[in-house]
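*Asks:* can't give you the sequence, but here's the structure:
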């Protein structure tokens with residue numbers, strides 16, 4: 001796929017089975033307006049249908065990853081807040097939440113490459129990724145407290161997995177900004193690197209040599225089982241393992257592992273997860 005623009009807010013480019021998704025509103029520090037919300041939703045759904053991609057990297061154009069919600073733009077429309085918050089069922093994601101939680105549903109690793117400011121809604125988008133790689137001088141903040149609000153874009157799912165409760169409360173209650181190095185120390189980010197995007201590409205390349213079915217299976221297993229019952233976790237382990245063993249990619253991976261002196265066999269498109 002060549003580089004494609006979505007609503008003039010995102011670009012999507014697939015190179016060597018890695019999907020590069022770039023927030024493209026640098027003049028507004030990639031702040032989230034309604035067009036950006038819709039663009040992210042559409043890209044996630046499109047990538048979900050692509051069984052050939054092996055990883056997704058999310059980055060921001062310009063000086064910042066994303067400075068958060070474009071409050072003036074969203075609030076000047078009476079219907080926009082309703083469109084963001086509306087949902088048919090309480091436990092389903094609304095549009096505001098889907099731009100974070102939607103990345104969790106993709107059956108491939110998603111890596112957020114953070115530079116500059118990553119505040120509020122921008123941080124919640126990044127928290128939907130499986131890995132957050134940040135540059136040392138980046139600024140990360142749960143910024144909703146600045147507007148007298150609570151985080152409501154699905155980022156709480158990731159926060160409970162990565163932060164101690166007291167740290168999460170402090171960051172959310174105060175809106176405190178932390179550097180990339182501090183974010184890794186707190187558990188808010190995975191890796192600190194001088195060049196987040198290059199590090200993200202290196203990680204994606206490392207993940208590409210694994211079976212796409214086993215990678216997808218691990219992501220789904222851990223996301224569903226991390227806080228569930230022990231019995232359900234064991235049941236999923238067995239069921240997912242049987243599915244993977246019955247697929248061709250498991251056989252290909254074992255062949256490549258045992259026959260390093262022979263030409264490497266290519267993986268098939270992953271199973272539908």
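*Replies:* That came through, no problem. Note that this is a predicted model, so its numbers are computed, not measured.
*Asks:* so which residues of the stretch 51-200 of the chain form strands?
*Replies:* 55-60, 110-114, 117-119, 131-134, 139-141, 178-179, 191-192 (DSSP state E, counting those that start in this stretch).
*Asks:* show me the shaky parts of the stretch 51-200 of the chain.
*Replies:* Judged against pLDDT under 70, the stretch 51-200 of the chain has no low-scoring part.
*Asks:* can you redo the strands of the stretch 51-200 of the chain as a markdown table with mean neighbour count and distance to residue 44?
*Replies:* C-beta coordinates here come from the backbone N, C-alpha and C atoms, glycine included. Output for the strands of the stretch 51-200 of the chain, formatted as a markdown table (neighbours: other C-beta atoms under 10 Å; distance: least, C-beta to C-beta, whole Å):
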| stretch | mean neighbour count | distance to residue 44 |
| --- | --- | --- |
| strand 55-60 | 25 | 9 |
| strand 110-114 | 29 | 9 |
| strand 117-119 | 28 | 19 |
| strand 131-134 | 28 | 17 |
| strand 139-141 | 25 | 22 |
| strand 178-179 | 18 | 27 |
| strand 191-192 | 19 | 23 |
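*Asks:* figure out which of the ones you listed is closest to residue 254.
*Replies:* With C-beta to C-beta as the criterion, residue 254 lies closest to strand 55-60 of those, at 21.9 Å.
*Asks:* out of the strands of the stretch 51-200 of the chain, nearest to residue 199?
*Replies:* The stretch from those with the least distance to residue 199 (C-beta to C-beta) is strand 131-134; that distance is 5.0 Å.
*Asks:* can you list the neighbours in contact with the closest one?
*Replies:* By C-beta atoms under 8 Å, 6 or more residues apart in numbering, the residues outside strand 131-134 that reach it are 109-115, 118, 126, 140, 180, 183-184, 188-193, 196, 199-200, 203.
*Asks:* partners of it, with directions?
*Replies:* In the sheet containing strand 131-134, its partner strands are strand 110-114 (parallel), strand 191-192 (parallel), by DSSP bridges.
*Asks:* now the nearest residue to residue 105 once chain neighbours are set aside: how far from residue 84?
*Replies:* Across the structure, with C-beta to C-beta, 6 or more residues apart in numbering as the measure, the residue nearest residue 105 apart from its sequence neighbours is residue 48 (6.9 Å). Spatial separation of residue 48 from residue 84 under the definition C-beta to C-beta, to the nearest Å is 21 Å.
*Asks:* these two: which is more packed in?
*Replies:* residue 84 (20 against 16; other C-beta atoms under 10 Å).
*Asks:* list the contacts for that one?
*Replies:* Residue 84 makes contact with 34, 37, 74, 94-96, according to C-beta under 8 Å, 6+ apart.
*Asks:* what's the burial count for the closest residue in space to residue 34 that isn't next to it in sequence?
*Replies:* Spatial nearest neighbour of residue 34, excluding adjacent residues (C-beta to C-beta, 6+ apart): residue 80 at 5.4 Å. Using other C-beta under 10 Å, residue 80 has 16 neighbouring residues.
*Asks:* tell me if I'm right that residue 80 and residue 71 touch.
*Replies:* No - Residue 80 is not in contact with residue 71 according to C-beta atoms under 8 Å; the separation is 10.6 Å.
*Asks:* picking up where we left off before, which one, of the strands paired with strand 131-134, ends up nearest to residue 269?
*Replies:* Ranking the strands paired with strand 131-134 by their distance to residue 269 (criterion: C-beta to C-beta) puts strand 110-114 first, at 18.2 Å.
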